[in-house]
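> Give me a model of this one.
(one chain, ligands or ions: 1)
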Amino acid sequence: MKNNSEIPFPVISKNTKMFYPSSRVCPICNTDRHSSNSGFYVLNAGALEEVSQETLMMSDKLKGFLKLAYHPSEDSDENGFCIDIVKDSECGQFDIYFCSTNCMRIFFNKIIDTIENKKNKHKI
Ligand SMILES: [Zn+2]
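Just a heads-up that it's a prediction; the model follows:
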């Protein structure tokens, strides 16, 4: 994915792997995160099943999600909406990888831009 292109939300779904991107290439700048030899950054989120008091495990009973939503005020006639960033991730967990904090910031800015654009379209 190039810096100016749209992110294909959701980036993770039940039909994909539990991580994005599925290759070692940064989704923002296309750098191979292993060839840069400088480490990488991960958004790691989800849920674990408590199988005993001391043990949490991944579970195929869980589906992970991450979304941003707009909720209109109670007296508004607007409709709310959401952007699914991750939807029905297998085993309830997911990772999103970035080569740098700069690319991570661009990714989050694209999410914010997407929800702002969707909100602005609803104003018309
Ligand atoms: Zn990058």
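
> Asp88: how many residues sit nearby?
16 (other C-beta atoms under 10 Å). Using the backbone N, CA and C atoms, a C-beta is placed for each residue, glycine as well.

> what about it, which SS state?
Here Asp88 is recorded as strand under DSSP: H, G, I helix; E, B strand; the rest coil.

> Can you read off the pLDDT for the residue most central in space within the chain?
Compute the mean C-alpha point of the chain, and by C-alpha atoms, centre = their mean the closest residue is Ile85, 4.0 Å away. You'll see Ile85 listed with a pLDDT of 95.

> which SSE is it in?
Applying DSSP states H and E as the criterion places Ile85 in strand 81-90.

> hmm, who's touching that strand?
Residues outside strand 81-90 that contact it (C-beta atoms under 8 Å, 6 or more residues apart in numbering) are 9-14, 17-18, 45-46, 60, 63-70, 94, 96, 111, 114-115, 118-119, 122.

> hang on, the earlier thing: which residue, other than its chain neighbours, is closest to the residue nearest to the centre of the chain?
In space, and not counting its chain neighbours, Ile85 is closest to Leu66: 4.5 Å by C-beta to C-beta, 6 or more residues apart in numbering.

> what's across from that neighbour in the sheet?
Val86 (DSSP bridges).

> Pull the number of nearby residues for it.
Quick note: Leu66 (other C-beta under 10 Å) scores 19 neighbours.

> My understanding was that it contacts Ala45; is that so?
Yes - using C-beta atoms under 8 Å, Leu66 makes contact with Ala45 at a distance of 6.1 Å.

> Overlap in contacts, those two.
What both Leu66 and Ala45 touch, as defined by C-beta under 8 Å, 6+ apart, is the set Val86, Phe94.

> the residue most distant from the middle of this structure, which is it?
Asp75 (30.9 Å).

> Kindly indicate whether that one is helix, strand or coil.
Applying three-state DSSP: Asp75 is coil.
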